[in-house]
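Visitor: Next comes the sequence, and after it the predicted model I'd like to discuss.
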Amino acid sequence: MTDYIVNSMWVFIASVLVFLMHAGFSMVEVGFTQSKNAVNIIMKNFVTVAIGVIAYFIVGFAFMYGKDAGGIIGTNMFFLINKPDSMGGVMFESFFFFQAIFAATCVTIVSGAVAGRTKFSAYVIFAIFAVVVIYPLIGHWIWGGGFLSKLGFIDFAGGTAVHAVGGFCALVGAKLVGPRKGKYKEGRAKAIPGHNIPLAALGVLILWFGWFGFNPGSTLDITSPTTMHAAITTLLSGAVATLAALVFSKVKYGKPDAGLTLNGALAGLVGITAGASMVDYFGAIIIGLICGIMMVISVQFIDQKVKIDDPVGAISVHGLCGALGTIFVGLFSVTDGLFYGGGLSLLGIQVFGVLICGATAISLSMVVFGIMKKTKGIRITKEMEDSGIDKIEHGISAYISL
Amino acid sequence: MTDYIVNSMWVFIASVLVFLMHAGFSMVEVGFTQSKNAVNIIMKNFVTVAIGVIAYFIVGFAFMYGKDAGGIIGTNMFFLINKPDSMGGVMFESFFFFQAIFAATCVTIVSGAVAGRTKFSAYVIFAIFAVVVIYPLIGHWIWGGGFLSKLGFIDFAGGTAVHAVGGFCALVGAKLVGPRKGKYKEGRAKAIPGHNIPLAALGVLILWFGWFGFNPGSTLDITSPTTMHAAITTLLSGAVATLAALVFSKVKYGKPDAGLTLNGALAGLVGITAGASMVDYFGAIIIGLICGIMMVISVQFIDQKVKIDDPVGAISVHGLCGALGTIFVGLFSVTDGLFYGGGLSLLGIQVFGVLICGATAISLSMVVFGIMKKTKGIRITKEMEDSGIDKIEHGISAYISL
Amino acid sequence: MTDYIVNSMWVFIASVLVFLMHAGFSMVEVGFTQSKNAVNIIMKNFVTVAIGVIAYFIVGFAFMYGKDAGGIIGTNMFFLINKPDSMGGVMFESFFFFQAIFAATCVTIVSGAVAGRTKFSAYVIFAIFAVVVIYPLIGHWIWGGGFLSKLGFIDFAGGTAVHAVGGFCALVGAKLVGPRKGKYKEGRAKAIPGHNIPLAALGVLILWFGWFGFNPGSTLDITSPTTMHAAITTLLSGAVATLAALVFSKVKYGKPDAGLTLNGALAGLVGITAGASMVDYFGAIIIGLICGIMMVISVQFIDQKVKIDDPVGAISVHGLCGALGTIFVGLFSVTDGLFYGGGLSLLGIQVFGVLICGATAISLSMVVFGIMKKTKGIRITKEMEDSGIDKIEHGISAYISL
Amino acid sequence: MSKMTRIDIITRPEKFEELKQELNDIGVTGMTVYQVLGCGIQKGKTEMYRGTPLEINLLPKIKLEIIVSEVPVSKVISIAKQVLYTGEIGDGKIFIYNVENVIKIRTGEEGVLALQNKE
Amino acid sequence: MSKMTRIDIITRPEKFEELKQELNDIGVTGMTVYQVLGCGIQKGKTEMYRGTPLEINLLPKIKLEIIVSEVPVSKVISIAKQVLYTGEIGDGKIFIYNVENVIKIRTGEEGVLALQNKE
Amino acid sequence: MSKMTRIDIITRPEKFEELKQELNDIGVTGMTVYQVLGCGIQKGKTEMYRGTPLEINLLPKIKLEIIVSEVPVSKVISIAKQVLYTGEIGDGKIFIYNVENVIKIRTGEEGVLALQNKE
Ligand SMILES: Nc1ncnc2c1ncn2[C@@H]1O[C@H](COP(=O)(O)OP(=O)(O)O)[C@@H](O)[C@H]1O
Ligand SMILES: Nc1ncnc2c1ncn2[C@@H]1O[C@H](COP(=O)(O)OP(=O)(O)O)[C@@H](O)[C@H]1O
Ligand SMILES: Nc1ncnc2c1ncn2[C@@H]1O[C@H](COP(=O)(O)OP(=O)(O)O)[C@@H](O)[C@H]1O
């Protein structure tokens, strides 16, 4: 019996917890959007899992964790051919399983932001590209031995690699596809409320559950208290951000906003992701507090000033809080953070890394969405939008009573 | 590799399973109440998790597991300052994580019982008090080295510490806030049915799943068959109680009652909680049988005779079955139970412990709810109750179609 | 610290994951059927868990894993009396827990196929019989030291023992109880759509999650990479089958069909179950591909040609893909499969085993359903079917608004 | 302008499919359907919910609204009676109203012409 | 054939139970209930949803449709006024229509007879 | 008492927002909205559900019920035609009925007065 076995087991179990996050994402997206597009959301989530896993198996993993070429990209292990026996200190199979499930998660973030007006085929093409190129490329830089990791950039569980990247792609997608019909009238934003808050709440709690695989699992090492420490910081940041969003929305808008409270939990969880293992409890609380509040401000800002229509708040929750959280590592890391006497060096690296990854995610997704927009089109017809994607693109309604 | 690592891992994984119980509670409460208050229920559940975790981190844990003062209360480790490296035979982090997630669970029980007519702010204040004072105090007596544990009182996984305490607080809350409008007409109880049975059923199954972390996790020791034994007794008791409630409701009311069958599963799970590790299979079956039936009787009794309006049956499920189950330890414990030749001593202690804890929970919650009732008020206005808390207190409906 | 402890822990955790599959089955069945029968579906699922666990504890386990008599049936350990300390290389308690949760799963498959027109009591009687006789008997042949296991028949995690058996019983049940009213008009099949696609999708994702306990757990050994290998093949097969069903339904019917895509995921998961540990990645992909497509063809074939009304597709998903997957072991097993130079011997055994088990499942369930049909009747009245089982048999609707 | 009449048929949801079919057969081409709750002689029922009486005093009903002009009202009524009659309480009622005018938006036709659902 | 009248009462859902009770007391035995959305003087309201104004300009209302003949229309109206009056906008409106005929499917009775919900 | 008229507009749900806006502009202040299912010339469609034909022969429609007196009926009709016309089957129909009386519960006003939604 060695640590090797126990850690392999742990990483495997953590992956399974992460897998359920797909159910969480599905329910959050379904709940926060209109009932007439619920089937489409479901189909997007299923196709994301399917494509994510297959594409990552074929090329994504190779690009991300294959033999490094110039700090930019991996170059072997396509189809897992020539895989080693172990990786990251655990059985190769555990390692790959964990990574494969992460891969699909990143893409899923985009599906909520472009909900309600995007062609199914356009989303599918983007998803393939994201899981073949965007995610593995940036993932290689950060985790696969690429230049950012060599530089000392720290992203513990994917605050940037998964969430900020997903969020920035979401930003581009939502911008290029344009707002849903009726979202802006005479230049003023109008709310298009989601159709099922309890389902969205279920989704958030399932995501939170999965996050205890996502963050603690990322140590790949259950023998160290760091893993459980990461769980506690995850719990604290999520809790504080939930409360912060609830109170802040109450102060700002007069009533505790349900949607923002649910998003608040996610904001805190995303915010802590990059540094869960290396910030202390107080760091976690402050990160949760800031993320909870900044998310609320950002949701309104993006909705009303930037005028990008993001039905589920993915840009603010994943993009903003993912980026913020990664930068906060430079402030709150108990070993090298500015506030803990570590000076500016790590902070600089973190900011640099976030900028590079953000710029890459934005440019690459602009290319894909841009080319599709010019050619096949990314937006459904006005009629389809009016009557719902479900009825026309999938020939069925999500809910049937008579 | 030591037992220490594996046990720490196990306790951590068990905690994660327990965390999902919040999703379970939310869905049960949403499903068993009216749609016009579904957002409010969701908000209460989220605020419970948030407050539960934060308050327990700041003071709750210290009161519960800090250095014992006079057998009454713990006195150090506020903010986890001066925490040890390990506790209960596992890494401190695992131990705390497990306990923190338990803490929020206890409070959640109350939210269902007072659903549909309680001010959000009143619930929040109670929740803070419960997680800061009521739960840690009683928890200290039972598990933290307080006088009950010194006396030999046994509550394996929280039949009393979590469930009975939660259930008794629920009793007080539901009594003081009064029945929902329309619940009693000319002194006769009328049913106000829940709005979504499938969601409630999902919640129950999620809770059951979480219970396999709740009970077996409480051994803090996966190396012993006792842990899996506790899982089997949990499974058996839940199964028998489900069937008992189904059959008993069919005999009593002519049709197998869906709500009572779902509650039946929970009754069996609560009932076995105090003794899961120390009763044998037949004990588990008999406990499940009694709890399933007693719960049905109690639900009707509380509804129609005591005339306390408990929309989800929390008083009967958690209060009654938690207390019964704790007392049953004195009968069915294979080492010291009356039926196994252990004499009356343990039974006496168990009854005494339940009485003390019950009295404490009732008095303390009477004080909090009582003071609030006298001052700020705990009940929403008649108008808000008529049109639903969601629309007025949160400005949104849970379900929006047009 | 020994492998023994870690494996016992692993098997236990895997069982807990499998337990959540009951929530998955419930939601899939509820979502894919009509709202007027949703309470009935829920009740059937709860009663299945309850009866499954109790009956398996009392006799099922003994028949399945008791001392072998003539290769046909086990003969001791009723009520777990005289249980050994360990079994299958893990603590007895873990082993039993895993098996008990599997037992209920097999029966559940039938409940969806006979939904909407079957008497509650008839289903309950069948469920008892299935968990007392059908499942343990065949399970003994395959896993309990019976003649099939002696012959070298391989069914890793229950492609036949659980799924095909469940699916074939479903076939018999659905055939004997007859189609729902309105399903066939003038000999032509008409669709009766499910009432809640998002709930069905949630169910599928929960099932997928549980499958990572179901398949990898079946090695009973986490120390070997085979376990995680089984997880990866499970992931790949599920993903490929999802995509295959989506694309195939789009080609065949013009639009990507949501119901078939969800079923596709399940088809791939069922298909890989028999051989998850012993096929390689490409085997898994091909199995997923074939199962995804064959399931779509089979659903239409059963619906329109065979004219058996199977609201959730259980016959195709579990029966067909379970049988196919078991036979595929004879083709794709990397040690003995035909395509890997293993010759025809294993393939022959696999085909023989599937035929024997299929024939047994079909005959036994024909006897039970047949006798009931002749005596007490298995079909609800026309009136009950029109107005929904919920209102009449359970006295309540699943959804109540006013 | 010849008389146009609106016929409201309120009955059990179960019977809807059959009724619709039969009405089609006598030439009723348009109808609008409402899901309503109703009580009449059929006073609802008392179920037990968690051991407490649950009075369901409004039952789910379906209302068909049919505006006719060429198809005789009597014919619609007799078909409805034929299909819906069970002799049990809850068979339902038919209400007849006068319609002043009908306009078909797509063609602008008014009155009886607007009701001719033939292309 | 004596006059039959249809009374449509559109009001707040909250008041429904009470109204139904009172109407029963004056002998109104049958009614059909619709869940509708409405606006009138009560123009809806603006809530904040995720920090963005959400204009709810149709409010959930309930419509009771009551066909009476023996029970005087004026009595129904006065009961409705009495129960529903709060003085706040949104109390609702009552619309009165003429009914040409009523048929009770179960018995075949027509007109006033069809409305006699006594067995 | 000057004539009061009820106008029922049955059309596609998609068009509802626009129609409501335009009606407001010509002074229609009150309306009641029903979610209904309908068929007319537009016979529904056949989708495939799990490879089996699914006949959807009732399509979701929206019904606006508007009682007017001062606002001319013709104006409402012409606005409706204008907004709803696409030339495709399914544009919908308008039905006109006579209203005998209207009562505003809050003020007790009757008839035309009850319809004046000005404060
Ligand atoms: N006076 C009435 N006004 C409005 N609706 C009525 C009236 N009487 C009956 N209805 C409607 O007709 C439905 C069936 O009537 P009911 O009296 O229950 O059965 P039956 O007509 O067979 O005696 C009721 O549920 C209700 O919706
Ligand atoms: N002119 C109208 N046509 C149709 N329905 C109306 C009309 N005016 C009011 N209503 C209905 O009556 C309801 C209540 O009317 P409202 O004007 O809001 O309150 P009040 O009558 O108390 O002033 C509205 O929501 C709407 O459903
Ligand atoms: N004779 C009728 N009686 C009642 N409702 C009708 C009638 N004809 C049409 N309708 C309603 O109007 C809707 C639109 O009518 P339809 O004939 O489909 O389109 P169009 O009027 O554009 O030809 C229908 O779905 C139905 O609800």
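Guide: Nice, I can see it. Residues are numbered from 1 along each chain as shown, chains lettered A, B, ... in the order given. Ligands and ions are numbered 1, 2, ... in the order given.
Visitor: Could I get the contacting residues of the residue of chain D positioned farthest from its centre?
Guide: Distance from the C-alpha centroid of chain D, by CA atoms, centre = their mean, peaks at residue D:51 (36.7 Å). By CB atoms under 8 Å, 6 or more residues apart in numbering or on different chains, the contact list for residue D:51 reads B:249, B:252-253, B:257, B:260, B:296, B:299-300, B:303-304. Heads up, the C-betas are built off the backbone N, CA and C, glycines and all.
Visitor: Then residue A:361?
Guide: For residue A:361, the set of contacting residues under the criterion of CB under 8 Å, 6+ apart consists of A:134, A:138, A:164-165, A:168-169, A:172.
Visitor: Mind doing that once more with 7 Å?
Guide: For residue A:361, the set of contacting residues under the criterion of CB atoms under 7 Å, 6 or more residues apart in numbering or on different chains consists of A:134, A:138, A:165, A:168-169.
Visitor: One more: residue A:128?
Guide: A:51, A:55.
Visitor: does it belong to a helix or a strand, and which?
Guide: Element membership of residue A:128, judged by DSSP states H and E, is helix A:120-129.
Visitor: Buried residues, that helix. List them.
Guide: Along helix A:120-129, these residues count as buried under the neighbour rule (16 or more other CB atoms under 10 Å in any protein chain shown): A:120, A:122-129.
Visitor: likewise stretch A:181-190?
Guide: Buried-residue list, stretch A:181-190, by 16+ other CB under 10 Å: A:183-184, A:189-190.
Visitor: Going by distance to ligand 2, which of those residues wins?
Guide: The shortest distance between ligand 2 and any of these, using CB to the nearest ligand atom, involves residue A:190 and amounts to 21.1 Å.
Visitor: Mark which of the buried residues of stretch A:181-190 are part of strands, please.
Guide: Mapping the buried residues of stretch A:181-190 onto strands (DSSP state E) picks out A:184, A:189.
Visitor: Show me which of the buried residues of stretch A:181-190 is closest to residue F:21.
Guide: Nearest to residue F:21 among the buried residues of stretch A:181-190: residue A:190, at 12.9 Å, using CB to CB.
Visitor: hang on, isn't that closest one packed against residue A:183?
Guide: Yes - with contact defined as CB atoms under 7 Å, residue A:190 and residue A:183 form a contacting pair (6.2 Å).
Visitor: Could you give the number of residues near residue 46?
Guide: Using chain A. Residue neighbour count, defined by other CB atoms under 10 Å in any protein chain shown, stands at 26 for residue A:46.
Visitor: think we crossed wires, I meant chain D
Guide: Residue D:46 is surrounded by 14 other residues when neighbours are defined as other CB under 10 Å.
Visitor: now the host helix or strand of residue A:355 against helix A:120-129, angle please.
Guide: Taking DSSP H and E as the definition, residue A:355 sits inside helix A:345-374. Per axes from the mean of the first three to the mean of the last three CA atoms, to 10 degrees, the angle that helix A:345-374 makes with helix A:120-129 is 140 degrees.
Visitor: List the buried residues in helix A:345-374.
Guide: Of the residues in helix A:345-374, those scored as buried under the neighbour-count criterion (16+ other CB under 10 Å) are A:346-347, A:349-351, A:353-354, A:356-358, A:360-362, A:364-366, A:368-369, A:372-373.
Visitor: Which part of chain D gets nearest to chain A, residue-wise?
Guide: Of the residues in chain D, the one nearest chain A is residue D:35, at a distance of 7.1 Å by CB to the nearest CB.
Visitor: just to revisit the earlier point, going by distance to residue B:91, which of the buried residues of stretch A:181-190 wins?
Guide: Distance to residue B:91, by CB to CB, is smallest for residue A:189 among the buried residues of stretch A:181-190, at 48.5 Å.
Visitor: Hmm, residue A:305 and the closest one touching each other?
Guide: No - in this structure, residue A:189 is not within contact of residue A:305 by CB under 7 Å, at 9.1 Å.
Visitor: There's contact between the residue of chain D closest to chain A and residue D:64 in this structure, I believe.
Guide: No - using CB under 7 Å, residue D:35 is not in contact with residue D:64, being 11.1 Å away.
Visitor: So the two - more neighbours on which side?
Guide: Per other CB under 10 Å, whichever of residue D:35 and residue D:64 has more neighbours is residue D:64, with 22 against 18.
Visitor: from the contacts of residue D:51, which would you call buried?
Guide: Looking at the contacts of residue D:51 with 16+ other CB under 10 Å, the buried ones turn out to be B:249, B:252-253, B:257, B:260, B:296, B:299-300, B:303.
Visitor: need the contact list for residue 98.
Guide: If you meant another chain, say so; for now it's chain A. For residue A:98, the contacting residues are A:11, A:14-15, A:217, by CB under 7 Å, 6+ apart.
Visitor: Chain D, not that one
Guide: Listed by CB under 7 Å, 6+ apart, the contact partners of residue D:98 are D:5, E:100.
Visitor: Then the one 10 residues further on?
Guide: Shown here is residue D:108, whose contacts under the criterion CB under 7 Å, 6+ apart are residue F:81.
Visitor: next one: residue A:26
Guide: For residue A:26, counting by CB under 7 Å, 6+ apart, the contacting residues are A:41-42, A:45, A:203, C:201-202, C:205.
Visitor: Next, it: secondary structure please.
Guide: Judged by DSSP: H, G, I helix; E, B strand; the rest coil, the three-state class of residue A:26 is helix.
Visitor: how much space between it and chain D?
Guide: 29 Å (CB to the nearest CB, to the nearest Å).
Visitor: Look up the pLDDT of that residue for me, please.
Guide: Among the per-residue scores, residue A:26 shows a pLDDT of 98.
Visitor: Check the spacing between the nearest residue to residue A:378 once chain neighbours are set aside and residue A:371 real quick.
Guide: Counting by CB to CB, 6 or more residues apart in numbering or on different chains, residue A:122 is the residue found nearest to residue A:378 once chain neighbours are left out, at 4.0 Å. If you measure residue A:122 against residue A:371 using CB to CB, to the nearest Å, the figure is 10 Å.
Visitor: re the thing from before, how close does the residue nearest to the residue of chain D closest to chain A when sequence neighbours are not counted get to ligand 1?
Guide: If the residues on either side of it in the chain are set aside, residue D:35 comes closest to residue D:62, at 6.3 Å by CB to CB, 6+ apart. Going from residue D:62 to ligand 1 by CB to the nearest ligand atom, to the nearest Å gives 9 Å.
Visitor: you'd agree residue D:62 is up against residue D:17?
Guide: No - the pair residue D:62 and residue D:17 fails to qualify as a contact (CB under 7 Å) at a distance of 10.3 Å.
Visitor: Compare the two (neighbour count), which wins?
Guide: Between residue D:62 and residue D:17, residue D:62 has the larger neighbour count (other CB under 10 Å), namely 21 against 15.
Visitor: what are the bridge partners for the more buried one, then?
Guide: Counting by DSSP bridges, residue D:62 is bridged to residue D:11, residue D:35.
Visitor: low pLDDT regions in chain A?
Guide: The model of chain A has pLDDT under 70 over residues A:1, A:401-402.
Visitor: residues touching the residue nearest the centre of it, list them.
Guide: Nearest to the mean C-alpha position of chain A, by CA atoms, centre = their mean, lies residue A:163 at 3.2 Å. Residue A:163 makes contacts with A:109, A:270, A:273, A:318, A:322, as judged by CB under 7 Å, 6+ apart.
Visitor: ok, the last one - how many residues close by?
Guide: Applying other CB under 10 Å, we find 32 residues neighbouring residue A:322.
Visitor: State the helix or strand in which it lies.
Guide: Taking DSSP H and E as the definition, one finds residue A:322 inside helix A:321-332.
Visitor: hmm, back to that, same for chain D: which of the buried ones among the contacts of residue D:51 are within range?
Guide: With CB under 7 Å from any CB of the partner chain as the criterion, the members of these in contact with chain D are B:253, B:257, B:260, B:296, B:299-300, B:303.
Visitor: mind pulling up the phi and psi values for the residue in the stretch 51-200 of chain A positioned nearest to ligand 1?
Guide: The shortest separation between the stretch 51-200 of chain A and ligand 1 is 28.8 Å, found at residue A:195 (distances taken as CB to the nearest ligand atom). When quoted as degrees, to the nearest 10, the phi and psi of residue A:195 stand at phi -100, psi 0.
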